[in-house]
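Enquirer: sequence and predicted model, in that order:
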Amino acid sequence: MIKLLNKSVKALLIFILLLFSLVAGMVVYAYYKVDNDLAKIVNYTPNISTEILDRNGKRIAYIFKKKHRLYATYDEIPIYVVEGLVAMEDTKFFEHKGINPDAILRAIIKDIKARRFVEGGSTITQQLIKNTLLSSEKKLSRKVKEFVLAIKLENVLSKEEILERYLNAIPYGNNYMGIKTAAEGYFRKNLRDLSLKESAMLVGLPNAPSYYNPLRHYKRLEKRANLILHRLYTLGWISKEEYLKAKKEKPKVYKTTLTQNVAPYVVDEVVRRLQNKFKDIKTGGYKIYTTVDLFMQNLAKKSLDYGYTRLLEMTNEEKNSSDLNGAMVVVQNNTGDILSLVGGVDYKKSSFNRVTMTKRQPGSSFKPFVYQRALDLGYSPATKIPDLARSFKYEKNGKMITWTPQNYEKDFRGFITLREALIESRNLATVNMVYDIGIDKIINKLKLLDVDNIPRNLSIALGNLALSPMKMAQIYTVFSNYGHIIEPRLISKMVSKYGSVIYETKPKEIANFTKPEQAYLMTSILKDVIKRGTGTNAQVAGIELAGKTGTTNDYIDAWFCGYSPEYTTIIWYGRDAYKPIKKGATGGKVAAPVFAHFYNGLLELKPKMKKFFVVPKGVKIGFINGRKEYYTKTSPLPHYNREVTKESNKSLPLQEQKMAPKKQSDSPIDVIELYDEDTNEQEVEQLF
C-alpha cells in the first residue's frame, strides 16, 4: 500500500514538473511573440457608433455597423461601477501585476482534481485580453499567452486605462457593447447619473448577458445586483445605509431601440451624402450636426399624416393596401437650412425618400417662375394678357401635331391681368404669355434655376418637367429669399471622436435670379393665391403666407409650394406608380390644407416667428380702377384705364404721407413708394 502511494506521489510530482516545464517553455516563447497583440490592446480603437443630432443638439439617431457601442473614458465611469466590478471579479486588482497567484493556484487544484480545465483564475486584465484578442476556450496555450500578455500589459497601461478598455469592450446584451451604451439603453441615463443599484445591475450583466437580461429576467439580475451590493458592504466599501437603500430600489428598465431613430428619412439622407467621403461614417464615433429642428420635423410628420388620412378618406382606401404617398420638406428662407424632411408617410412600409429621390411634374406650381420672367421683362401684375383659346402646331417625329391647351375650368375669360391669371392658375393665359414673350427668353433665364431637362417648348408654361420636392424647395427661395436662390443644406458640421471639427458647411447661394423688389411683386401675387385664389385652403390667421397650388394631368400629382416670411414649405402627394390619385384631387384640395395645418402648429410652436413680409426698397403702390397694385421701375403700371386720385397725399394718413414721393404730381397715377427697408406688409395694409 505504501509502495503504491509512493508511486502515485512520484507520478504526480513528475506530472507537475513536466507541466511547469512545459508552461515555462511556453511562457518564454510567448514573451517574445506577443508584441503585436499587446499593441492592439494598448492602441485599442473599437468601432464606435456615430451620433446624428439636430440643430439644437437633440439626438436624432445612432448609426453603427453590426454592434452599437458608445465609448466612455475612465473619468465618466462612476466609482460604484469600478468598486462593484473589482469586488466581484478581481478584489486584488489594484495590488497585483496582471495575474493573481492565489487565484491561479486555486484554479490549478480544481483543474487537477477534475482532470480538465474548469476554472481559469483570470484577473480583470486577463479578461480584457480574452475579450479583445483571444477565444474563451480553456486551452493551456491560450492561458499561457494570456498570462504573458497580462504581465506585459500592466507594465504599459495604468490600472485606470485597463479598466476603461475592459468596460468598453465587454457586451451587455441586446447588442449593447460597453457600459455607456448599456446605461443609456437600459436606464436612459448618462453614466454619471446612475444610482448605486443601477451600477450594480450593470456590473452583474456581463457575467451572462442573456441569462440576466433585465428586459426578460429582471428578478434574476436584481438578485445578482443585490449580491454585488452585499459584497461591497462586506468589504466595507459602502455603508449599511447605502446598502439597505440600494437593495430596496427597483430601477425602471427601458426597451430602447438600438438606433433610437426618430427621423429615419433624415438619417438615410445624411448617410447618403457623407458615406463616400467618410468610409467609417458608421464606426468612427462621429457627431454629425444637422440643420434639422426636431420639433419642426415632428410637426411636419404630423401634418403629412393629417393630409394622408384625409386623402385616404377622399379616395376611400385603406392604409395597408393603398399606394398613396406623400412628402414634405421645410427650409429656412435665407440660409437654405433644411428644418424638416419627411420622405414618405410610412418609413417601415417604404424607405424610399420622395423628397430627394423622386422626380415628379410640378404642374402649375412651376408657373410663378414663368411669370417672374415676364415681370423682369417689363410686365407688371396689372398687365393684361389674353386668356383665350389658341391652337399651336409643331412637328414631332416627322408629323405635324396640333396642341390646344385648356383651362382647368374648360372656359376662357378674355383679357385678364397677370395677377388674376396666376391667382386663378389660368393655363391659356400662361401659355399665351409665354408664346408672346418667346420661348428662348423664358428658357434662358430659367437655366439659372439649376434645373435639368427644361423643355424648349410651350409646355414649360404648364410645368411640363420633372423635379423633386427638394429641388422645388431650392428654387422657391427665389421668391422667399427676395431673388436669391439658396442651396438646401442638411449637414452643418461633423465632429470627430476627439472633438475636432472635420467637416463643415455654410449657406450657399446658387444664383441671383432677380432683384428683391421684383421677387416681392411675385410674393404679393402668391399671397393673393392663398387669400382668394386656388390656395384658399392654405389660409392661416395671424401670419402672411404666399404659395401656389400644382395639379398635373389626370390628377397624378398634387402640390402646394409656399412660404412664410421665414420658412419655405413644399408638400406633395401622389402614387409611386404614377397613376391618378382621384378625379378632383387637386393641389388646392389635397396639399393646401396640410400647409395650413403645419403653419397653425408652427405658430403655437414658435409664437415669435416672423409673421409679415418685409417690403424691399423700390416697391411702389398705385391705383388702377380703384384697386391697389404694386409696381417697380422694371415693372411699371400700364397706361390704360388709369385712375388718378385728385386728393393725392392730402387725404392720406400721416405715416403714408411720409412714405409718399415728394413730387407726387410728376406721376400719372396716385403713387406711394415704399422705400423703408424695414417696412412690412402689415404696415402697408394699415395705410389703406
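Expert: Okay, I see it. Numbers count the residues shown, from 1 in each chain.

Enquirer: mind checking which helix or strand of the protein has the lowest mean pLDDT?
Expert: helix 654-659 (a mean of 34; mean pLDDT, DSSP states H and E).

Enquirer: got the contact list for the nearest residue to residue 336 once chain neighbours are set aside?
Expert: Sequence neighbours aside, residue 486 is the residue nearest to residue 336 in space, at 3.6 Å (criterion: Cβ to Cβ, 6 or more residues apart in numbering). Placement of C-beta: from N, CA and C, glycine included. Contacts for residue 486 (Cβ atoms under 8 Å, 6 or more residues apart in numbering) come out as 331, 333, 334, 335, 336, 474, 477, 507, 508, 509, 510.

Enquirer: for residue 486, name its beta-bridge partners.
Expert: residue 509 (DSSP bridges).

Enquirer: do you know the pLDDT at it?
Expert: You'll see residue 486 listed with a pLDDT of 97.

Enquirer: kindly report the same for residue 140.
Expert: Value for residue 140, per-residue pLDDT: 59.

Enquirer: repeat for residue 483
Expert: 97.

Enquirer: circling back to that earlier point, out of the contacts of residue 486, who's the most crowded?
Expert: Neighbour counts for the contacts of residue 486 (other Cβ atoms under 10 Å) peak at residue 331, which has 30 neighbours.

Enquirer: partners of the host helix or strand of that residue, with directions?
Expert: Element membership for residue 331, per DSSP states H and E: strand 324-332. In the sheet, strand 324-332 lines up against strand 338-342 (antiparallel), strand 567-575 (antiparallel) (DSSP bridges).

Enquirer: mind checking which of the ones you listed is nearest residue 456?
Expert: Of all those, strand 567-575 sits nearest to residue 456, with 25.5 Å by Cβ to Cβ.

Enquirer: hmm, residue 50 and residue 59 touching each other?
Expert: No: counting by Cβ atoms under 8 Å, residue 59 sits too far from residue 50 to count as a contact (11.4 Å).

Enquirer: okay, those two: which has more neighbours?
Expert: residue 50 (25 against 15).

Enquirer: contacts only, for the closest residue to the more buried one other than its chain neighbours.
Expert: Once flanking residues are discounted, residue 50 sits nearest to residue 286: 4.4 Å by Cβ to Cβ, 6+ apart. By Cβ under 8 Å, 6+ apart, the contact list for residue 286 reads 50, 51, 278, 494, 495, 496, 497, 502.

Enquirer: neighbours of the last one, just the number please.
Expert: The tally of other residues near residue 502 (other Cβ under 10 Å) stands at 12.

Enquirer: now the fifth one
Expert: Here the neighbour count serves as a burial measure; for residue 495 (other Cβ under 10 Å) it reads 18.

Enquirer: equivalent analysis for the third one, please.
Expert: By other Cβ under 10 Å, the residues close to residue 278 number 17.

Enquirer: which SS class is the residue positioned nearest the centre of the chain?
Expert: Centroid-nearest residue in the chain, with Cα atoms, centre = their mean: residue 266, separated by 3.2 Å. Taking DSSP: H, G, I helix; E, B strand; the rest coil as the rule, one finds residue 266 in the helix state.

Enquirer: from what I see, it and residue 297 are in contact.
Expert: Yes: with contact defined as Cβ under 8 Å, residue 266 counts as touching residue 297 (7.0 Å).

Enquirer: who touches both of these two?
Expert: Counting by Cβ under 8 Å, 6+ apart, the residues touching both residue 266 and residue 297 are residue 341.

Enquirer: one step back: in contact with the residue nearest to the centre of the chain, which residues?
Expert: So residue 266 contacts 52, 60, 290, 292, 297, 341, 490 (Cβ under 8 Å, 6+ apart).
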